[in-house]
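Participant: The following comprises the amino acid sequence and a computationally predicted model.
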Amino acid sequence: DGGITQSPKYLFRKEGQNVTLSCEQNLNHDAMYWYRQDPGQGLRLIYYSQIVNDFQKGDIAEGYSVSREKKESFPLTVTSAQKNPTAFYLCASSIWTGVINTGELFFGEGSRLTVL
Amino acid sequence: AQKVTQAQTEISVVEKEDVTLDCVYETRDTTYYLFWYKQPPSGELVFLIRRNSFDEQNEISGRYSWNFQKSTSSFNFTITASQVVDSAVYFCALSEAQGGGADGLTFGKGTHLIIQP
């Protein structure tokens, strides 16, 4: 079945450690996204990528890094510079024609990161 | 800049009641898309509907219906005869044509809907 797979589903980290969240899709979508969700805050965009080897900062990119070496994969690293990393992280993908993004996003099941 | 407001943070109703979730948006673009997503307790967001700015026709899908009014910049969502399985967080979202919407969607903060048996 086509879809988006995020791993791990739950992750615990000590302060000062970097952690990488995995996101893989087999939908053949060009565009991929990382969102952060906090209670009562909705979803906020961290990074997005429209094509391989290219990505752009979203609204809250500080303390995060990404790579897009393959079309199917868009891992997110939460670095020690992220001051409040405990959150629910959602990866998504969409079709991108290069002209307009009709915007229907397909989401993974999320990764819940807790910093101890 | 675009903005989506969902003023209702939480709604609780008894099963079989009708319930409407409000969504108000702001955009300077004349071409845009509006969406509703459902987030059940499992966490994954599920797409419900997309509507483009040129199509103001209301839509009905089973117990779900959507009312799009450009005059009031609203895209409200109604569940008729609610069921416990409808309990979830519902997000309204906006994608603008300017810039191609390459940066994904702008989401509202969500409305937590609780359907009590």
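Facilitator: All right, it came through fine.

Participant: Could you use CA atoms for every contact and neighbour count after this?
Facilitator: Noted.

Participant: so where's chain A shaky on pLDDT?
Facilitator: Scanning chain A for pLDDT under 70 picks out the ranges A:1, A:97-103.

Participant: do stretch A:8-21 and chain B meet?
Facilitator: No: using CA under 8 Å from any CA of the partner chain, stretch A:8-21 stays clear of chain B, coming no nearer than 10.3 Å.

Participant: Check stretch A:68-88 too.
Facilitator: No: Stretch A:68-88 lies out of reach of chain B by CA under 8 Å from any CA, never closer than 8.8 Å.

Participant: got the CA coordinates for that stretch in CSV?
Facilitator: Below are the C-alpha coordinates for stretch A:68-88, written out as CSV (Å, rounded to 0.1, in the frame of the first residue of the first chain):
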residue,chain,number,x,y,z
ARG,A,68,16.6,15.3,0.8
GLU,A,69,19.1,12.9,-0.8
LYS,A,70,16.4,10.7,-2.2
LYS,A,71,12.9,11.4,-3.4
GLU,A,72,11.4,8.9,-1.0
SER,A,73,13.2,10.1,2.1
PHE,A,74,13.1,13.3,4.1
PRO,A,75,14.7,12.8,7.6
LEU,A,76,14.4,15.5,10.3
THR,A,77,17.2,16.1,12.8
VAL,A,78,16.2,17.8,16.1
THR,A,79,19.4,19.3,17.3
SER,A,80,20.5,20.3,20.8
ALA,A,81,19.9,23.9,19.7
GLN,A,82,16.2,23.4,19.7
LYS,A,83,15.2,24.8,23.1
ASN,A,84,11.8,23.1,23.4
PRO,A,85,11.9,20.0,21.3
THR,A,86,9.2,18.0,23.1
ALA,A,87,6.4,17.7,20.6
PHE,A,88,4.5,15.6,18.1
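
Participant: and that stretch, how far from the chain's centre?
Facilitator: 6 Å (CA atoms, centre = their mean, to the nearest Å).

Participant: In contact with residue A:55: list those residues for me.
Facilitator: Residue A:55 sits next to A:47-49, A:66-68 when contact means CA atoms under 8 Å, 6 or more residues apart in numbering or on different chains.

Participant: nope, residue B:79 is what I meant
Facilitator: B:18-20, B:63-65.

Participant: again, but for residue B:27
Facilitator: B:1-3, B:96.

Participant: Tabulate those residues in CSV, adding columns for distance to chain A, neighbour count and secondary structure.
Facilitator: Below are those laid out as CSV (distance: CA to the nearest CA, whole Å; neighbours: other CA atoms under 10 Å in any protein chain shown; DSSP: H, G, I helix; E, B strand; the rest coil):
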residue, distance to chain A, neighbour count, secondary structure
B:1, 12, 8, coil
B:2, 13, 14, coil
B:3, 12, 14, strand
B:96, 9, 28, strand
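
Participant: Farthest-apart pair in those residues, please.
Facilitator: Taking CA to CA as the measure, the contacts of residue B:27 reach their widest spread between B:3 and B:96, a distance of 10.5 Å.

Participant: Span of stretch B:106-117 from start to end?
Facilitator: One end of stretch B:106-117 sits 33 Å from the other (CA to CA, to the nearest Å).

Participant: residue ranges of the strands in chain B, please?
Facilitator: Secondary structure of chain B by DSSP state E: the strands cover B:3-5, B:10-14, B:19-21, B:24-26, B:32-39, B:46-52, B:59-61, B:64-69, B:74-79, B:88-96, B:106-107, B:111-116.

Participant: Perfect, I'm done here.
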